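J.: let's see this in three dimensions:
(one chain, ligands or ions: 5)
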Amino acid sequence: MKKILLTNVLFFGAFVLLTGFSAAASPSVCIECHGGLSGQLGEIPTAEWHTSVHSRSRVSCHDCHGGDPTDYVEAMSADRGFIGVPVYAEVPAFCGRCHVGVEEDYRASLHGQVVEFGGPNCVTCHENHAVQVASIDLINEISCSRCHTYDKPALIKQEISDTEAMLSRLDNSIASLYRVGFDTGQLKDELFSTRNNFRRLFHSVDIDKIRAETAGFDADLEETKATINALEETLGQRKIVGGAFVLLLILGGCIALLIRRTYENKE
Ligand code: HEC
Ligand code: HEC
Ligand code: HEC
Ligand code: HEC
Ligand code: HEC
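T.: Numbering: from 1, shown residues only. Ligands and ions are numbered 1, 2, ... in the order given. You can find the predicted model right below:
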């Protein structure tokens, strides 16, 4: 697991370097100009992108479409790296530049293998500009019955829902520990890495593979849970010690008051 975490960190570092990702926060001529154009060319992609997880993570128009976001005139020239709009079967490579692990599992899947013949691409399930944080809610009868029956998708959803529930419980526990002052940095990294690697697994749409690998993820989560439980126990002890201290203070106060009263009465 540590190795996977390290790969993720390295990958993210390389990604930041390669895409000039931090510069995306500065004003973009893409958004300025397209924001003023109507329909599919402007308003719609711009408004949808503003609601997306990419916008929150500062992945902007040019991070996906290429081009130069600082130059009004040359913005969309090929010399400045403009890629334009990918055709249907090129979308996995287009998104996979950043989502390397997901693309790998997708490519190996039946979906990836038949993408030229009606298999879904990334946008079919996640949309293009309105991409949201992914969850198992994306597996539903309306979406998955567009091309085939829902029986296999339902089985897959059932298989991964317990692990998903465990992920969100641990996420909440870590958040509570953080609120009361514990250093949860390492725990958070661990959970983030497990979560990312678990969620890419879905893309294999292979029930046997998912079944086999889910067990390994559950074991990793049990370890994280044990660490959290240990911290929560320390917290319990802290509360007892803290409570005892407060009790002592009150008791001390009462005694002092009694002594003073006795002293005053004597006077
Ligand atoms: C000065 C206005 C202007 C700027 C700046 C601009 N665009 Fe465009 N863009 C347009 C217009 C107009 C079109 C439609 C006509 C065309 O394709 O040239 C277009 C088309 C596009 C398309 C669709 C192309 C296709 O093949 O269908 C994409 C994607 C796009 N722009 C992305 C960008 C990105 C990314 C940037 C910034 C790096 C950018 N644009 C900057 C005006 C602009
Ligand atoms: C996460 C990657 C991503 C980002 C960020 C992104 N786009 Fe796109 N965009 C796509 C994809 C993929 C398509 C191809 C359409 C499809 O397959 O549905 C597309 C298509 C387009 C088109 C062609 C019209 C259409 O709807 O097919 C325009 C214009 C466009 N994008 C403009 C923009 C602008 C402007 C921004 C920034 C506000 C932006 N895009 C941000 C991925 C992205
Ligand atoms: C330039 C790099 C880049 C490109 C290209 C890109 N993304 Fe992303 N994407 C990110 C980053 C950064 C995040 C936020 C961090 C994270 O959650 O991984 C993100 C987040 C996501 C998420 C939410 C992940 C979660 O935690 O639930 C989905 C889904 C997603 N992207 C799908 C797509 C799709 C579909 C495309 C192609 C249309 C695409 N991305 C293209 C960088 C990119
Ligand atoms: C754009 C069409 C399309 C959509 C939408 C779609 N699929 Fe598929 N799916 C296919 C095709 C094509 C195949 C391969 C032929 C077949 O089994 O029908 C396939 C096969 C599968 C298989 C069988 C894999 C195997 O190894 O037997 C599963 C499981 C599956 N899809 C799950 C899903 C889930 C879950 C969703 C919704 C999140 C979904 N699909 C949405 C087109 C689609
Ligand atoms: C058949 C529908 C479908 C297709 C096709 C699909 N996804 Fe997903 N994707 C999902 C579902 C469902 C989840 C959530 C799985 C979970 O929560 O376990 C997800 C999760 C993700 C995540 C979050 C993973 C993480 O690390 O947290 C990213 C990023 C993502 N998809 C990107 C992509 C990209 C890029 C492609 C194309 C190469 C793609 N998806 C193709 C349905 C799909």
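J.: interface residues of this protein facing ligand 1?
T.: Within the chain, the positions near ligand 1 by Cβ under 6 Å from any ligand atom are 29-30, 33-34, 41, 61-62, 65, 67-69, 72, 75-76, 84-85. Yep, even glycine has a C-beta here, placed from its N, CA and C like the rest.
J.: biggest separation within these, which pair?
T.: For the residues of the chain next to ligand 1, with distances taken as Cβ to Cβ, the pair at the greatest spread is Tyr72 and Val85 (20.2 Å).
J.: what parts of the protein come near ligand 5?
T.: Applying the criterion Cβ under 6 Å from any ligand atom, the portion of the chain that neighbours ligand 5 consists of 92, 95-96, 99, 102-103, 106, 111, 120, 122, 124-126, 134-136, 138-139, 160, 164, 195-196, 199-200, 202-203.
J.: ligand 3 next: which of these are close?
T.: Those of the residues of the chain next to ligand 5 which are also neighbours of ligand 3 are Cys95, His99, Cys122, His126, Ala134, as judged by Cβ under 6 Å from any ligand atom.
J.: export these as TSV, with columns for pLDDT and secondary structure.
T.: Putting those into TSV (pLDDT from 0 to 100; DSSP: H, G, I helix; E, B strand; the rest coil) gives the following:
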residue	pLDDT	secondary structure
Cys95	98	helix
His99	96	coil
Cys122	98	helix
His126	98	helix
Ala134	93	coil
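J.: now the residues you listed: which count as buried?
T.: Among those, those that count as buried by neighbour count (16 or more other Cβ atoms under 10 Å) are Cys95, His99, Cys122, His126.
J.: now the residues you listed in CSV, with distance to Pro153?
T.: Supplementary listing: these in CSV, determined by distance: Cβ to Cβ, whole Å:
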residue, distance to Pro153
Cys95, 21
His99, 21
Cys122, 17
His126, 16
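J.: in those residues, find the pair that's most separated.
T.: For these, the maximum inter-member distance is 10.0 Å, found between His99 and His126 (Cβ to Cβ).
J.: how many neighbours does the residue in the stretch 151-267 of the chain that ligand 1 sits nearest to have?
T.: In the stretch 151-267 of the chain, the residue found nearest to ligand 1 is His203; the distance is 25.2 Å by Cβ to the nearest ligand atom. Counted by other Cβ atoms under 10 Å, the residues lying close to His203 total 22.
J.: number of residues surrounding Leu191?
T.: Using other Cβ under 10 Å, the number of residues around Leu191 comes to 20.
J.: just give the number of residues close to Pro86.
T.: Counted with other Cβ under 10 Å, residues neighbouring Pro86 total 17.
J.: show me which residues of the stretch 1-150 of the chain sit near ligand 3.
T.: Contact residues of the stretch 1-150 of the chain with respect to ligand 3, defined by Cβ under 6 Å from any ligand atom, are listed as 19, 53-54, 57, 59, 63-64, 94-95, 97-99, 122-123, 126, 128, 131, 133-134.
J.: go with 8 Å
T.: Contact residues (Cβ under 8 Å from any ligand atom) of the stretch 1-150 of the chain with ligand 3: 12, 15, 19, 21, 53-54, 56-59, 63-64, 91, 94-95, 97-99, 102, 122-123, 125-128, 131-135.
J.: near ligand 4, from those residues?
T.: Residues shared between these and the neighbourhood of ligand 4 are Cys125 [Cβ under 8 Å from any ligand atom].
J.: what segments of the stretch 101-250 of the chain are strands?
T.: For the stretch 101-250 of the chain, no strands turn up when DSSP state E, counting those that start in this stretch is the criterion.
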